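Student: sequence first, predicted coordinates after that:
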Protein chains: 2
Amino acid sequence: MIISIIGVGLLGGSFALSLREKYPNMKFVGVDQSVVNQKIALAKGIVDEIMTLEEALQVAELNILATPVDAITLLLPKILDQIPEGRTLMDFGSTKELICKVADAHPKRTQFVAVHPMAGTENSGPGAAFKELLPGKNVIICDKEKSDTDCLTLADTFLRDIGMKIHYMKPVEHDLHLAYVSHLSHISSFALGLTVLEKERDEKAIFDMASTGFSSTVRLAKSSPQMWAPIFDQNKQNVSKALGDYIEFLKKFKVAIDSEDLPTSLDFMSKANDIGRILSGIEKK
Amino acid sequence: MIISIIGVGLLGGSFALSLREKYPNMKFVGVDQSVVNQKIALAKGIVDEIMTLEEALQVAELNILATPVDAITLLLPKILDQIPEGRTLMDFGSTKELICKVADAHPKRTQFVAVHPMAGTENSGPGAAFKELLPGKNVIICDKEKSDTDCLTLADTFLRDIGMKIHYMKPVEHDLHLAYVSHLSHISSFALGLTVLEKERDEKAIFDMASTGFSSTVRLAKSSPQMWAPIFDQNKQNVSKALGDYIEFLKKFKVAIDSEDLPTSLDFMSKANDIGRILSGIEKK
């Protein structure tokens, strides 16, 4: 069996690396517009061969579309136009509503499975891919009833084979939750990085005074702008609402600090502490 | 030599654990108003004996005041009143301006060394203490010229002995930087925890959909309110300014997302990416 990875980056690359460990006779072909990414993907053994999109679609049983989400919405109809009957296309986009809408408008919708693996790091590109990224993590499949049974089974099987835990969800529901538990974290981190860089022109002060707490909070500010700008754009209503809620809490916190209202500060923090219970739930999974 | 740990929590406890490894014949006495903390500190071998503050001050050569910062400002003058001549008092508070002002007003100011070890975790109390917390980390000493040479040398020696890197600074400078590289991180994390908990009443959704990025950004929301409320209060002018700057960046980000202004979003994120250089500097240290 041949699998194509269209966009050989962190997610697509990590998927290939973990799947090829389970299926040593499977062949992987890579499609990527970046020549550097092509070379790294070959050198790292993520794919066996580089092809054009057209060539890959002719040979691959399963195609993984793992580009940034703006490229997914552009490529998805083109790929479905060309995909032979009986073959499967999965995407790995971090948004689902717009992508599923684009797919719904295509006559070959049933050959598509909408997938979002809930994993990532602040690094991107095939150089950052590693086979341990996806196993043990959650993965969301949206609108499963719109996929052909064979296509869905193929996607389900491979995702389970590499140790992922599958959840099914509506795209609207997916995008709403993601705004809060992922997209907002990234914005809070980007803005924190900006605030500190703006103020602390003397970098030595940051080196000397920042602790591990700072590093952990600001780590996501290293994430790829080219990947995240289209995510925020495609999920802008939910992200804007989540960000608005966040700004409101920060403003209330600021008022409590400014007015030396310790009971309110304490109350905010005690309520926030409850996240500990949820984090230990996440870590235990 | 006898050392007293006044407030046997994460920092005081970790200091004792790393120092007693270097000095096996040193005796450690603990002072803590919590009976549970006393028992844990004894059981964990952080201290050899529990004493009242008055008793400890009579026997200890060096006293470490490692309570929350509101208790530090209350206890500092009382301790200096009672401390015998030639003995040393160090504090471990996360703010320095108010603490140093309180010390400056005392006739025995020279026996005090103002210290802030740049380390911590989201956990607190003696149960969370571990001997690896402080070695390799930075530590700030403020107003060193106001400390007696012998007292300063004693503090310097023990901090270096456990592998800390000492930096000297003015209290005003310390509190300003800390607002940006530590206090703001904590507020951003507390507010993120609150925002998500408020929205996601269905906790299962968080479990299923949150990734490691979320955990890392929100980790500090588990921090102790009793420790942090007085820090924000004592450093309120700087914290309020930093928080105001942060809210402004978030609002600009929101406008860029709402107006589909991708170039501005991309520009914000690209600038924030520069934090990566600084983080790798912190990690290399």
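Tutor: Thanks, I have it.
Student: tell me if stretch A:136-143 is near chain B.
Tutor: Yes - counting by Cβ under 8 Å from any Cβ of the partner chain, contacts between stretch A:136-143 and chain B involve A:137-138, A:140. The C-beta positions use only the backbone N, C-alpha and C, and glycine is treated the same way.
Student: can you give me the buried ones in that stretch?
Tutor: A:137-143 (16 or more other Cβ atoms under 10 Å in any protein chain shown).
Student: cool, and stretch A:3-18?
Tutor: Within stretch A:3-18, the residues that count as buried by 16+ other Cβ under 10 Å are A:3-18.
Student: kindly report the same for stretch A:60-80.
Tutor: Along stretch A:60-80, these residues count as buried under the neighbour rule (16+ other Cβ under 10 Å): A:60, A:62-73, A:75-76, A:79-80.
Student: what's the nearest residue to the residue most central in space within chain A if we skip its chain neighbours?
Tutor: Centroid-nearest residue in chain A: A:Ser94, 4.3 Å away (criterion: Cα atoms, centre = their mean). Of all residues not flanking A:Ser94 in the chain, A:Ile231 sits nearest, at 5.0 Å (Cβ to Cβ, 6 or more residues apart in numbering or on different chains).
Student: quick one: secondary structure of the one you found?
Tutor: helix (DSSP: H, G, I helix; E, B strand; the rest coil).
Student: isn't it up against A:Ala179?
Tutor: No - A:Ile231 lies out of contact with A:Ala179 (Cβ atoms under 8 Å); the separation is 9.8 Å.
Student: can I see the domain layout of chain A?
Tutor: Domain assignment for chain A by automatic domain parsing gives A:2-169, A:174-284.
Student: format those as CSV; extra columns: mean pLDDT.
Tutor: Converted to CSV, these look like this (pLDDT from 0 to 100):
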stretch, mean pLDDT
domain A:2-169, 97
domain A:174-284, 89
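Student: just the helices in the stretch 151-285 of chain A please.
Tutor: For the stretch 151-285 of chain A, helices defined by DSSP state H, counting those that start in this stretch occupy the ranges A:171-178, A:184-199, A:203-209, A:212-218, A:225-234, A:236-258, A:262-273, A:275-284.
Student: I meant the stretch 1-150 of chain A, not that one.
Tutor: For the stretch 1-150 of chain A, the helices defined by DSSP H, counting those that start in this stretch cover A:10-22, A:35-43, A:53-59, A:69-82, A:97-104, A:149-161.
Student: for the stretch 1-150 of chain A, which residues are neighbours of chain B?
Tutor: Close to chain B, as judged by Cβ under 8 Å from any Cβ, the stretch 1-150 of chain A has residues A:118-122, A:137-138, A:140.
Student: may I ask which two of these are separated the most?
Tutor: Greatest spacing in the residues of the stretch 1-150 of chain A next to chain B, by Cβ to Cβ: A:Glu122 and A:Ile140 (21.0 Å).
Student: thinking again about what came up before, just the buried residues of stretch A:136-143 now: which is nearest chain B?
Tutor: Closest approach between these and chain B, by Cβ to the nearest Cβ: A:Asn138, at 5.3 Å.
Student: quick one: contacts for the nearest residue to the closest one once chain neighbours are set aside?
Tutor: What sits nearest to A:Asn138 in space, not counting adjacent residues and going by Cβ to Cβ, 6+ apart, is A:Met118, at 4.4 Å. Neighbouring residues of A:Met118 by Cβ atoms under 8 Å, 6 or more residues apart in numbering or on different chains: A:137-140, A:182, B:208-211.
Student: I'd like the residues you listed as JSON lines, with distance to A:Pro126 appended.
Tutor: Shown next, in JSON lines, are those (distance: Cβ to Cβ, whole Å):
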{"residue": "A:Lys137", "distance to A:Pro126": "19"}
{"residue": "A:Asn138", "distance to A:Pro126": "23"}
{"residue": "A:Val139", "distance to A:Pro126": "20"}
{"residue": "A:Ile140", "distance to A:Pro126": "24"}
{"residue": "A:Ser182", "distance to A:Pro126": "22"}
{"residue": "B:Asp208", "distance to A:Pro126": "28"}
{"residue": "B:Met209", "distance to A:Pro126": "26"}
{"residue": "B:Ala210", "distance to A:Pro126": "26"}
{"residue": "B:Ser211", "distance to A:Pro126": "20"}
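Student: of the residues you listed, which belong to strands?
Tutor: Using DSSP state E, the subset of the contacts of A:Met118 located in strands is A:138-140.
Student: follow-up on the earlier one: can you tell me which of the contacts of A:Met118 is nearest B:Thr88?
Tutor: The closest of the contacts of A:Met118 to B:Thr88 turns out to be B:Ala210 (Cβ to Cβ; 46.5 Å).
Student: run a quick neighbour tally on that closest one.
Tutor: 28 (other Cβ atoms under 10 Å in any protein chain shown).
Student: so it versus chain A, what's the distance?
Tutor: 4 Å (Cβ to the nearest Cβ, to the nearest Å).
Student: quick check: closest non-adjacent residue to that residue.
Tutor: Distances taken as Cβ to Cβ, 6+ apart place A:Val181 nearest to B:Ala210, at 4.3 Å, with adjacent residues excluded.
Student: ok, now A:Lys96?
Tutor: Spatial nearest neighbour of A:Lys96, excluding adjacent residues (Cβ to Cβ, 6+ apart): A:Pro171 at 3.9 Å.
Student: right, and the one you found touches A:Asp143 too?
Tutor: Yes - when contacts are counted by Cβ under 8 Å, A:Pro171 is listed as touching A:Asp143 (6.2 Å).
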